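Chemist: Curious how this folds, go ahead:
(chains A and B)
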Number of protein chains: 2
Amino acid sequence: MTTDPLVVFTPSGKRGHFPVGTPILTAARQLGVDLDSVCGGRGICSKCQISPSYGEFAKHGVTVHADALTEWNSVEERYKSKRGMLDGRRLGCQACVQGDVVIDVPPESQVHKQVVRKRAEAREITMNPSTKLFYVEVQEPDMHEPSGDLERLCTALDQQWELKNVHSDLHILSILQPALRKGEWKVTVAVNLGDKNTAPRIMHIWPGYYDGTIYGLAVDLGSTTIAAHLCDLQSGEVVASSGIMNPQIRYGEDLMSRVSYSMMNKGGAAEMTRAVREGMNALFTQITDDAGIDKGLIVDAVFVCNPVMHHLFLGIDPFELGQAPFALATSNALSLRAVDLDLTIHPAARVYLLPCIAGHVGADAAAVALSEAPDKSKELLLVVDVGTNAEILLGNTEKVLACSSPTGPAFEGAQISSGQRAAPGAIEHVTIDPVTKDPRFQVIGSDLWSDEAGFDAAIATTGITGICGSGIIEMVAEMRMAGLLDGPGLIGSAAQTGTERCFLDGRTYSYMVWDGSADGGPKITVTNRDIREIQMAKAALYSGARLLMDKFGVDKVDRIVLAGAFGAHISPKHAMVLGMIPDAPLDKVTSAGNAAGTGARIALLNTDARAEIEETVRNIHKIETAIEPRFQEHFVNASNIPNAVEPFPILRSIVTLPEINFNSGEGGAAGSGRRTRRRG
Amino acid sequence: MTTDPLVVFTPSGKRGHFPVGTPILTAARQLGVDLDSVCGGRGICSKCQISPSYGEFAKHGVTVHADALTEWNSVEERYKSKRGMLDGRRLGCQACVQGDVVIDVPPESQVHKQVVRKRAEAREITMNPSTKLFYVEVQEPDMHEPSGDLERLCTALDQQWELKNVHSDLHILSILQPALRKGEWKVTVAVNLGDKNTAPRIMHIWPGYYDGTIYGLAVDLGSTTIAAHLCDLQSGEVVASSGIMNPQIRYGEDLMSRVSYSMMNKGGAAEMTRAVREGMNALFTQITDDAGIDKGLIVDAVFVCNPVMHHLFLGIDPFELGQAPFALATSNALSLRAVDLDLTIHPAARVYLLPCIAGHVGADAAAVALSEAPDKSKELLLVVDVGTNAEILLGNTEKVLACSSPTGPAFEGAQISSGQRAAPGAIEHVTIDPVTKDPRFQVIGSDLWSDEAGFDAAIATTGITGICGSGIIEMVAEMRMAGLLDGPGLIGSAAQTGTERCFLDGRTYSYMVWDGSADGGPKITVTNRDIREIQMAKAALYSGARLLMDKFGVDKVDRIVLAGAFGAHISPKHAMVLGMIPDAPLDKVTSAGNAAGTGARIALLNTDARAEIEETVRNIHKIETAIEPRFQEHFVNASNIPNAVEPFPILRSIVTLPEINFNSGEGGAAGSGRRTRRRG
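Modeler: Just a heads-up that it's a prediction; the model follows:
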């Protein structure tokens, strides 16, 4: 018995003996090695590039001689001269086994490659998109054996790619016959591979070999903005990102006002559905124009959004979400056709919406769960996505709990006297000198601090216009640390604080941050009412987290992730001084940026992640804060800065919080902060 | 061990012992007896009516006493007084077992009931529609266990009806929440039960118990007319039938001219697609108006059509069907959504198109195969669907062959000098006196023969306008039997035939049928050119049948079915005198009427028939006449009346065909009839 040459693949380590003359691509396929090919080994697509290694490989027990593969051939030469190819690379379909050989499959030749992510702690994305390209040679029609062109195409897909039971949309039938004839019975087919519930489906067909790629969209449909990433479904690369304001803003700034609009206006929900879909199409035009690609090449899209946006996007009246028991029309993940949502991408494009967790914890929260994966964390992980509602996840590999908490819009700068959206001119970072009680700050649009030379010139065009959400958090925390604010939340008088910046403003005191009135600019102050708004918002957030900790049976967490665009700008220290989040080591509090958008991208690039998050969401324990007495209790207790009950030992080891109490009875502002907040 | 009472169901004969107190509906379900129920035994729908029988039943070995069932109860009384119920009937969900009992399930209480058909030899239709109604009670939302309304509805369908993995269309989501609340969490749901490839799907939802029915359409989309039957999907009844002209007529009378139109005009195919879909919607409006029902209650539709209409309806350019190798874009059966075909029936309605057999043998031929079932026939059955193309099926339980033959439009009265469509005023039946050579005839619109008293008055409003397709067949056959026409197809002179009705008309003779010119009416004649057209049409038809017989290895068939509207009007004797169809006993030649439309109705009412015909079509041997040398051979030989080669012993035992030959060399009309016919 002679032994066939040994072929060892790296990095997989898969190995096997193959007869002399076996193409490397064939060997890879037989071993189940992840080596890409669109043309099926016909030397057209060059996706199967591999790197043979020569020499002695003790690790693999093999010596590779220079003649281990057949010689460089004309197909490889033609490809290299036309398109270029790295030195040392071969085409797996052309290079054939001659002797023992070690073959490296570079990442770009792997179908299921890893997509690079910036954050160290972020989970990997393994490429496994819904739709892939397949080059096939189709049998010509024969009057002796009449059969449809589609049926012969499907036979070719089965025989050449083992794709069984392939379906097609109606529109494929209208482009099929010209494509087959123009390509002389050779075509490239984009096939959505389906899942356990759906058969594979032909999405598009190109004559001959299609040398391009196909795209997908990951869309984060927020109440305020709609953001989309356009991704290459072969490489996984984000080729363009873009965002627009949600056109529904004209029907109400926050979700509750949109729900009200639909209740008060017949056809209001339909109007808002139309608006958001039109906006979406405008965004898609913008993003494809930016990338210079045809919108018709977008064959898949994943959407994440909160429940109200979810319903309005789908054309469901959000009425039920405006009142207890906050019943969703549907909570499961949805696989839909883009045309049914009036989206003008590829006519056969599919759309996937992640599942909603509960009536207030939407597909966006599910996307955060997919991106941050508390269910895969050994550490007990608290994930907080701060918005008008905060969605909170707490869990580890054992279990995951979720709730939403009605923080209100204060964290977004709304209902704050000098509050504003995060835009040039807004104060975003602050420190207050504990001695002089004077603030210094940074404004969006400039890196200079307000006490640095050149600051005035740097902000000349924008001015100083207000305080954004993350700015107000730092402001309040700094006021507390500087002794301008007591634990229960009262601003002291000039006498109590020792600075004239504290002035009587109605029945309570305010703190003057910046007086631009001499130059016709605004007076930027923090009022005690602002403090109350922030107290309630942070109390809601903290109470939600605390409630989940109670349910989990713990009184501390190992790690905290702040998600959301806003979360990305929060200073962990200030958030903790404020008592927004539980006590934790500062290096264990990180920002995940737009985790919902990332979750959408994961579900777009890896369809296995869809089944995974559906399963995860089914297993998440949903806690409804509205019916939990403990939530109200925590809320009352949590209004102090930081809250009066919790010890916060880690925090207190880092910062000094002056022991002061301004409640001398001179003002009427003191209170428990107990107030029922409306949802929205 | 005591023995529980015995319950015997008729007509199924299923039997079992059940504890005292078991409702009859429950017993039926456990035994798999086909007893309908929409409300699931809640005494609402009354679909489960049964007839208990009393007395001694030796056959079943049981004696049924008067107290075998619980007493007539208030639910039954209320139903009977409100809606009426036959005496002796009980509600299966109310009447409970007390002793041994024999229960008859009347046909109207069976889900899978037989639909009555008029023709004795016709196959039965067993009801098994795509979509059925289910009444369910849905759990209310609970903040402690948040889940979507749709998910709770699906749970109810699973628990109460064992419907697993139910999907829903997007539009259901928009009507779901109000329906559940209006019905106080009780709703009736129409569910399309799907098949091996597709999951069950919610089609519609009504608050509470929906006391109506749902409908389906069986549509025969012909080149000339579109005909539809509106069927009750619960009873199987045809509640309305209607037809319109195919609006594509303005782009060409026959199929080939429509194919040409699309080749000559950019966007021509799309224009014709739009036209036929608009026509379809107009027809559906008409038929639902006739029936007085809402178009939105139509949840299923089945279409049959020839390949060109198939492609134009689907929006596929029929270009390839106009030239060899006549490649269909797709030949498989198609399950589509009505909205994708721009049909304005229920927004979630499904559409099924039967498979095409080959490039010239369409879904209409498949429907004929389904209706006439040659594959289930022990006798060798020839089925001929006569139109511009004749589709021909030959087979028995052993195998089935199919071909199409280009008969041209002569059988429809086109290209015949006095030909016309079948309409009032057209001659449809003729006899010619073999002695006087004078014709007598009947005209569409009157039952009187032309030599009967009152004929002139009867036709006063219509006049006599021409000869329709079936009339011309009788006319030519009668001319042959009366000795006016010889075997090769020449009309004799006045001297040869002995009647002045035969007159020189150009280079050949014509026969004067009716001279209305004195009253300003037409002269209705049969020219020798008309004879040639009919010879070619009948030769094509006969040759197709003969070719299939060759392939089958037989020289006679047991039974012949003439399908199609035209087939319904053909006189078998005259067709055989003409040599259109093979020799067969006259009582074995029957008409099936619109068998294609019937096939559509079968596939609509019984989804099992869809899988069945798909399998049948896969197994049909397709013969392409265009590439069969034997077809041309048969065609040449078949032009004589009857053809010169075949013996036709049965025919010659019935009729006398004069041995004459008018080819005296005086005219140039004699010929073989050899001419290539274009497809269309």
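Chemist: isn't A:Asn128 right next to A:Ala603, touching?
Modeler: No: if you go by C-beta atoms under 8 Å, A:Asn128 and A:Ala603 don't touch, sitting 10.7 Å apart. Every residue, glycine included, has its C-beta placed from N, CA and C.
Chemist: tell me which parts of the stretch 201-350 of chain A are close to chain B?
Modeler: A:314-317, A:319-320, A:324-332, A:336, A:340-341 (C-beta under 8 Å from any C-beta of the partner chain).
Chemist: out of A:Asn128 and A:Ala603, which sits in the more crowded spot?
Modeler: More neighbours surround A:Ala603 than the other of A:Asn128 and A:Ala603, with 33 against 16 (other C-beta atoms under 10 Å in any protein chain shown).
Chemist: Please tell me I have it right and A:Thr188 contacts A:Tyr210.
Modeler: Yes: at 3.7 Å, A:Thr188 counts as touching A:Tyr210 under the criterion of C-beta under 8 Å.
Chemist: Specify which residue of the two has the higher count of neighbours.
Modeler: Shown here are A:Thr188 and A:Tyr210; by other C-beta under 10 Å, A:Thr188 has more neighbours (23 against 19).
Chemist: beta partners of that one?
Modeler: A:Tyr135, A:Trp206 (DSSP bridges).
Chemist: so what's it up against?
Modeler: Applying C-beta atoms under 8 Å, 6 or more residues apart in numbering or on different chains to A:Thr188 gives the contacts A:38, A:133-136, A:205-206, A:208-210.
Chemist: Tell me the one of those residues nearest chain B?
Modeler: Checking those against chain B by C-beta to the nearest C-beta gives A:Ile205 as the nearest, at 11.6 Å.
Chemist: Out of the residues of the stretch 201-350 of chain A next to chain B, list just those in strands.
Modeler: Among those, the residues falling in strands (DSSP state E) are A:Leu336.
Chemist: ok so, going back, need the overlap of contacts for A:Thr188 and A:Tyr210.
Modeler: Common neighbours of A:Thr188 and A:Tyr210, counting by C-beta under 8 Å, 6+ apart, are A:133, A:135.
Chemist: next structured bit after the lowest-mean-pLDDT helix or strand in chain A?
Modeler: None of the helices or strands of chain A scores lower by mean pLDDT, DSSP states H and E than helix A:564-567, at a mean of 78. Next along the chain after helix A:564-567, taking DSSP states H and E as the criterion, comes helix A:572-578.
Chemist: what does that following helix rub up against?
Modeler: For helix A:572-578, contacts defined as C-beta under 8 Å, 6+ apart pick out A:473-474, A:476-478, A:480-481, A:534, A:538, A:560, A:562, A:581, A:583-584, A:586, A:589-590, A:641-642, A:648, A:651, A:654-655, A:657.
Chemist: how many neighbours does A:Gly99 have?
Modeler: 16.
Chemist: And the pLDDT for the residue lying closest to it once chain neighbours are set aside?
Modeler: Distances taken as C-beta to C-beta, 6 or more residues apart in numbering or on different chains place A:Ala68 nearest to A:Gly99, at 4.3 Å, with adjacent residues excluded. At A:Ala68, the model reports a pLDDT of 94.
Chemist: start to end distance for stretch A:368-380?
Modeler: Using C-alpha to C-alpha, to the nearest Å, one end of stretch A:368-380 lies 16 Å from the other.
Chemist: What average pLDDT does that stretch get?
Modeler: When pLDDT is averaged over stretch A:368-380, the result is 95.
Chemist: Could you pull up the residues touching the closest residue to A:Gly359 other than its chain neighbours?
Modeler: Spatially, and ignoring its direct neighbours in sequence, A:Gly359 is nearest to A:Phe326 (3.0 Å; C-beta to C-beta, 6+ apart). Going by C-beta under 8 Å, 6+ apart, A:Phe326 touches A:307, A:320, A:358-360, A:624, A:626, B:141, B:143, B:146.
Chemist: number of nearby residues for the one residue in the stretch 401-550 of chain A that gets nearest to chain B?
Modeler: Among the residues of the stretch 401-550 of chain A, A:Ala402 lies closest to chain B, at 9.9 Å counting by C-beta to the nearest C-beta. Residues within reach of A:Ala402, counting by other C-beta under 10 Å, total 27.
Chemist: quick one on the thing from earlier: what's the ChimeraX line that selects buried ones from the contacts of A:Thr188?
Modeler: Restricted to buried positions by 16 or more other C-beta atoms under 10 Å in any protein chain shown, the ChimeraX selection for these reads:
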select /A:38,133,134,135,136,205,206,209,210
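Chemist: and the contacts of A:Thr188 as TSV, adding distance to A:Gly61?
Modeler: Below are the contacts of A:Thr188 laid out as TSV (distance: C-beta to C-beta, whole Å):
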residue	distance to A:Gly61
A:Val38	34
A:Leu133	37
A:Phe134	37
A:Tyr135	37
A:Val136	39
A:Ile205	47
A:Trp206	45
A:Gly208	44
A:Tyr209	39
A:Tyr210	42
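Chemist: Just the buried ones out of the contacts of A:Phe326, please.
Modeler: Buried by 16+ other C-beta under 10 Å: A:307, A:320, A:358-360, A:624, A:626, B:141, B:143, B:146, out of those.
Chemist: Which of those fall within helices?
Modeler: A:Pro307 (DSSP state H).
Chemist: hmm, which of the contacts of helix A:572-578 are the buried ones?
Modeler: Of the contacts of helix A:572-578, these count as buried by 16+ other C-beta under 10 Å: A:473-474, A:476-478, A:480-481, A:534, A:538, A:560, A:562, A:581, A:583-584, A:589-590, A:641-642, A:648, A:651, A:657.
Chemist: how about A:Glu156, what does it touch?
Modeler: One correction, residue A:156 is Ala, not Glu. Counted by C-beta under 8 Å, 6+ apart, A:Ala156 has contacts A:136-139.
Chemist: Where does the prediction get shaky in chain A?
Modeler: For chain A, the stretches flagged by pLDDT under 70 are A:1-2, A:116-122, A:643-645, A:664-680.
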